[in-house]
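Novice: I would like to see how this sequence folds:
(one chain, ligands or ions: 1)
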Amino acid sequence: MRVRVRLLAAAVAIGLAATVAPAGARERGADGVFEERTSSHFRLLQDVDLDRATGPSGSRRFEIEVLEVLEEGFDRVDELLGLRPRRRLTVVVYDPQIFDATYARLVRFPMAGFYRGQILVRGDVQVTPQLARTLYHELVHASFDAEAPSLVLPAWLNEGVAEWFEARAHGKRRLTPREWAALQQIADGGQLPALGLVGAPSFSSLDAASAPLAYLYSYGFVDHLARRYGERELRRLCQDVVRSGNVARAFRRVYRATPDELAEAFAVEFR
Ligand SMILES: [Zn+2]
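Specialist: Below is the predicted model:
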């Protein structure tokens, strides 16, 4: 099954070492027993090694907060991307050590979570901004899949929209100066990728050096579309893509241009 991956945020900083110590790693480890809890649109399974069930740092509070983040994300996906999954989505939050031990070998870069029919994320002992962003990111992949299960999106679109959404939903508009500088540096070296090069369905085969750039470029491109044509058109694009199942046609209808022509216009920003 295809895997949609989210980088650990630390890895997005260009050139950062691939090794990241597990946050909140503990001696004892998780017990392998998953707690289950549901909300209107989600079924949550979690195995984070929390010392107690009750109280402000207990597992119940944690589960309720994760579901609150997910339900809020569900509404934002609808609002910003026009996607609204009809089936209940399953989300598995792993103890970070278990997650790394089980899934780190899937890819060659540090990973915060991925989507594979279910949302699988590397947990934490509390709902950090980082965990919330990972949940939002994976929610985009899950929403595309729930709305159009047989549709294979190019990774630049799937990851670009997921990166854009997790940033935008948390109040970030546009790339940071540092992100922009990283893309400018690639552009100056004449290596800004053609969309075709990042057109595979997944970035999971990329190495630790090229994966952050592929994510950043895809995010930058989707951000370019949102800035140039407006967020409403991006929402229309997402809806058209899942309805028609045809990315090229959706781009023609919404932007009256091909993805490659639009990528060329994005590249002009760096000249
Ligand atoms: Zn992703």
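Novice: setting aside sequence neighbours, what's the nearest residue to Glu36?
Specialist: Leu45 (5.4 Å; Cβ to Cβ, 6 or more residues apart in numbering). Where you see a C-beta, it was placed from the backbone N, CA and C, and this is true even at glycine.
Novice: now the one you found. Its backbone dihedrals?
Specialist: Backbone torsions of Leu45, given as degrees, to the nearest 10, read phi -120, psi 130.
Novice: is it true that it touches Val91?
Specialist: Yes. The criterion here is Cβ atoms under 8 Å, and Leu45 meets it with Val91 at 7.3 Å.
Novice: these two: which is more packed in?
Specialist: Taking other Cβ atoms under 10 Å, Leu45 and Val91 do not tie; Val91 has more neighbours (25 against 17).
Novice: across the sheet, point out what pairs with the nearest residue to that one once chain neighbours are set aside.
Specialist: Ranked by Cβ to Cβ, 6+ apart and with sequence neighbours excluded, the top spatial neighbour of Val91 is Ile119, at 4.3 Å. Using DSSP bridges, the bridge partners assigned to Ile119 are Val91, Tyr115.
Novice: what sits against Ile119?
Specialist: Counting by Cβ atoms under 8 Å, 6 or more residues apart in numbering, Ile119 makes contact with 89-92, 113, 135, 138-139, 141-142.
Novice: which of those residues sits closest to Leu81?
Specialist: Leu139 (9.8 Å; Cβ to Cβ).
Novice: quick revisit: JSON lines for the contacts of Ile119, including distance to the ion and pLDDT?
Specialist: Shown next, in JSON lines, are the contacts of Ile119 (distance: Cβ to the ion, whole Å; pLDDT from 0 to 100):
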{"residue": "Leu89", "distance to the ion": "15", "pLDDT": "98"}
{"residue": "Thr90", "distance to the ion": "17", "pLDDT": "98"}
{"residue": "Val91", "distance to the ion": "14", "pLDDT": "98"}
{"residue": "Val92", "distance to the ion": "16", "pLDDT": "96"}
{"residue": "Gly113", "distance to the ion": "8", "pLDDT": "94"}
{"residue": "Leu135", "distance to the ion": "12", "pLDDT": "97"}
{"residue": "Glu138", "distance to the ion": "7", "pLDDT": "97"}
{"residue": "Leu139", "distance to the ion": "10", "pLDDT": "98"}
{"residue": "His141", "distance to the ion": "6", "pLDDT": "97"}
{"residue": "Ala142", "distance to the ion": "10", "pLDDT": "98"}
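Novice: which ones among those map onto strands?
Specialist: With strands defined by DSSP state E, the entries of the contacts of Ile119 inside them are 89-92, 113.
Novice: residues touching the residue lying closest to Ile186 once chain neighbours are set aside, list them.
Specialist: What sits nearest to Ile186 in space, not counting adjacent residues and going by Cβ to Cβ, 6+ apart, is Leu192, at 5.5 Å. Going by Cβ under 8 Å, 6+ apart, Leu192 touches 183, 186, 217, 267, 270.
Novice: what is the nearest of these to the ion?
Specialist: Nearest to the ion among the contacts of Leu192: Tyr217, at 13.7 Å, using Cβ to the ion.
Novice: spell out for me which residue occupies the centre of this structure.
Specialist: His137 (2.9 Å; Cα atoms, centre = their mean).
Novice: circling back to that earlier point, any idea which of the contacts of Leu192 has the most stuff around it?
Specialist: Among the contacts of Leu192, the one with the most neighbours (other Cβ under 10 Å) is Tyr217, at 24 neighbours.
Novice: so Arg235 sits in a helix?
Specialist: Yes. Counting by DSSP: H, G, I helix; E, B strand; the rest coil, Arg235 is located in a helix.
Novice: quick revisit: CSV please, covering the contacts of Leu192 and showing pLDDT, distance to Leu80 and secondary structure.
Specialist: Output for the contacts of Leu192, formatted as CSV (pLDDT from 0 to 100; distance: Cβ to Cβ, whole Å; DSSP: H, G, I helix; E, B strand; the rest coil):
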residue, pLDDT, distance to Leu80, secondary structure
Leu183, 94, 23, helix
Ile186, 89, 27, helix
Tyr217, 94, 21, helix
Ala267, 93, 25, helix
Phe270, 94, 26, coil
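Novice: this completes my enquiry, with thanks.
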